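K.L.:
Sequence and predicted structure below; questions after.
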Amino acid sequence: DTEVTQTPKHLVMGMTNKKSLKCEQHMGHRAMYWYKQKAKKPPELMFVYSYEKLSINESVPSRFSPECPNSSLLNLHLHALQPEDSALYLCASSLGLAGTDTQYFGPGTRLTVL
Amino acid sequence: GDSVTQMEGPVTLSEEAFLTINCTYTATGYPSLFWYVQYPGEGLQLLLKATKADDKGSNKGFEATYRKETTSFHLEKGSVQVSDSAVYFCALRELGNTPLVFGKGTRLSVIA
C-alpha cells in the first residue's frame, strides 16, 4: 500500500480565518513533505520533516505553520492567508531522506482564499 | 544548481501512437531520476524511477532509461491510450537530504 491521504479535498477560507490541512500515511515512512502547486506549474517544496523534526523550511511565510504530531501525521496550519496563496497543497512521504527514496504524494487539498 | 528540462507541450497524439517526452538534466552529483504523472484534479503518482546509469524504469507500458552520457531520461510508450492524457513531470534528486527538482511538466492529450 502506497497511499497518502489528505483532508479536506477542497477548502475555501477568508483572509481572517484559521484552518488546518491534514495528511496521513501508514507506510512506516519517516520523512514527510508539504508542497504548493499553482496551476500549470510543478510542485514547490515548502517543508520537510524527518523523524517528526523540521528538516527543511524553504523560506515559507509564517502564515503557514507545519506540525508533525507523530510519524504518521502531518498538519499544515493556515492563518491570515492571502488570495495568492490559493493553490493545490500536496503532502508526500518517503521512507527516509536518501536521494533514492521515492516520494509518494497524496491527492492534495485545493485551497481557495477569498 | 540542479535543473531538469522537459520538452514544451502540449503534446497531442492519436490513440495507439508512439510517445516520446524528452527530459534532460543538470546535476552536480549522481542523482536518482523519476517520472511522475498527474491526472486532472489529482495529486502526483510515481510512474517510474531509475537510480543509476543504464537502469531502465518501466511501468504500465511506459519506459525510461537513465543515460549518464547524455544526461537524459526520456519517457516512451509504444501505444498511447486516451486514459494516458495527463501532465508528466520529470524529476531528479541528489543523494542525501536534498529537494526533489521538477521539470516544468509536459501536458499530453490523446484523442480517439
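P.N.:
The structure has been received and is ready for your questions.

K.L.:
And the residue of chain B closest to chain A?
P.N.:
Going by Cβ to the nearest Cβ, chain A is nearest to B:Phe102 of chain B, at 3.6 Å. Where C-beta positions appear, they are placed from N, C-alpha and C, glycine not excepted.

K.L.:
Residue numbers of chain A in contact with chain B?
P.N.:
Contacts of chain A with chain B, taken as Cβ under 8 Å from any Cβ of the partner chain, map to A:2, A:4, A:6, A:40-43, A:45, A:48, A:50, A:55-56, A:58, A:88, A:90, A:92, A:97-100, A:102-108.

K.L.:
about what we covered before: what sits against the residue of chain B closest to chain A?
P.N.:
A:42-43, B:4, B:36, B:89-91 (Cβ atoms under 8 Å, 6 or more residues apart in numbering or on different chains).

K.L.:
quick one on the thing from earlier: please flag which of the residues of chain A next to chain B sit within strands.
P.N.:
Counting by DSSP state E, these place A:4, A:6, A:45, A:48, A:50, A:55-56, A:88, A:90, A:92, A:104-105 in strands.

K.L.:
Which pair of those residues spans the longest distance?
P.N.:
Using Cβ to Cβ, those reach their maximum pairwise distance at A:Ser50 and A:Leu88, which is 23.7 Å.

K.L.:
Neighbour count for these two, which is higher?
P.N.:
A:Leu88 (20 against 17; other Cβ atoms under 10 Å in any protein chain shown).

K.L.:
can you pull the contacts of the closest residue to chain B within chain A?
P.N.:
The nearest approach of chain A to chain B comes at A:Pro42, 3.6 Å away (Cβ to the nearest Cβ). By Cβ under 8 Å, 6+ apart, the contact set of A:Pro42 is B:89, B:102-105.

K.L.:
Inside strands: which ones of those residues?
P.N.:
B:89, B:102.
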